[in-house]
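Colleague: pasting a predicted model and its sequence here:
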Amino acid sequence: EVQLVESGGGLVQPGGSLRLSCKASGITFSYSWMSWIRLTPGKGLEWVANMHPDGSVTDYVDSVKGRFTASRDNAKNSLYLQMNNLRAEDTALYYCARDAFWGAIDYWGQGTLVTVSS
Amino acid sequence: DVVMTQSPLSLPVTLGQPASISCRSSQSLLYSDGNTYLHWFQQRPGQSPRRLIYNVSQRDSGVPDRFSGTGSGTDFTLQISRVEAEDVGIYYCMQGTYWPKIFGQGTKLEI
């Protein structure tokens, strides 16, 4: 059974930082493109970052460039998202997901909620 | 960035009746390898999204055959031949041909 389990969400003040984690099981993690995707009531689903299996290439949506950094540890089957200088508009449910090919996500986590508010 | 436009955004339907969702992209999603990376996802209330259709018309394993996807270039459609109660949720199209990968706004299907 495939499981992607996110953690690390919470309430943070504007300008603050959070680190999200995603633990994968049931997939060949080290061969998988992995992604962070967020869901907001106002904007719907937004692809945040997409990471190559070996971590050599990561693409970010413009709105998070310079503030968010994705990373992975293939030995631990884990994906991370370091989020700095958080803004109210980053408030969302953040999903860890596997990109099977060209955006065709085949597995999603249950999501971890990030709330940015004073 | 590619703009993905879905319509309608709200879709009231009657059980057993057909339903159709349109998705248009601001530029062709046909990639140089001959594939069109347009996918459809369903998000039921309280659940994570689930892929229904990939590459315009390829239905995922376990997806009922009442779901079908058609289209090419910039115009795509998700059709449900006979809506069932379990189909309630939000449906998203998504283009994977270009970065950033973009989802449509979502269509809320309700009975």
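Modeller: Yes, it's here.
Colleague: residues near residue B:55, how many?
Modeller: When neighbours are counted by other CB atoms under 10 Å in any protein chain shown, residue B:55 registers 16. Every C-beta, even on glycine, is put in place using the N, C-alpha and C of the backbone.
Colleague: any idea of the pLDDT on it?
Modeller: Residue B:55 is assigned 96 on the pLDDT scale.
Colleague: in chain A, what residue is nearest chain B?
Modeller: residue A:103 (2.2 Å; CB to the nearest CB).
Colleague: tell me who's in contact with that residue.
Modeller: Residue A:103 sits next to A:47, B:37, B:39, B:94, B:95, B:96, B:97, B:101 when contact means CB atoms under 8 Å, 6 or more residues apart in numbering or on different chains.
Colleague: what sits closest to the residue nearest the centre of chain B if chain neighbours are left out?
Modeller: Centroid-nearest residue in chain B, with CA atoms, centre = their mean: residue B:40, separated by 3.4 Å. Residue nearest to residue B:40 in three dimensions, not counting chain neighbours: residue B:53, with 4.1 Å by CB to CB, 6 or more residues apart in numbering or on different chains.
Colleague: give me the contact list for the helix or strand containing that neighbour.
Modeller: Assigned by DSSP states H and E, residue B:53 belongs to strand B:50-54. Contacts to strand B:50-54, defined as CB under 8 Å, 6+ apart, come from residues A:100, A:104-106, A:108, B:39-44, B:59-60, B:63, B:67-69, B:78, B:91.
Colleague: what's the first helix or strand after it?
Modeller: Next in sequence after strand B:50-54, counting helices and strands by DSSP H and E, comes strand B:58-59.
Colleague: contact residues of chain A facing chain B?
Modeller: Listed as neighbours of chain B in chain A under the rule CB under 8 Å from any CB of the partner chain: A:44-47, A:50, A:59, A:61-62, A:95, A:99-106, A:108-111.
Colleague: for the closest residue in space to residue B:47 that isn't next to it in sequence, grab the count of nearby residues.
Modeller: Excluding the flanking residues, the one nearest residue B:47 by CB to CB, 6+ apart is residue B:89, at 7.8 Å. Residue B:89 has 20 neighbouring residues, counting by other CB under 10 Å.
Colleague: sorry, back to before: inside strands: which ones of the contacts of residue A:103?
Modeller: Those of the contacts of residue A:103 mapping onto strands are A:47, B:39, B:94, B:95, per DSSP state E.
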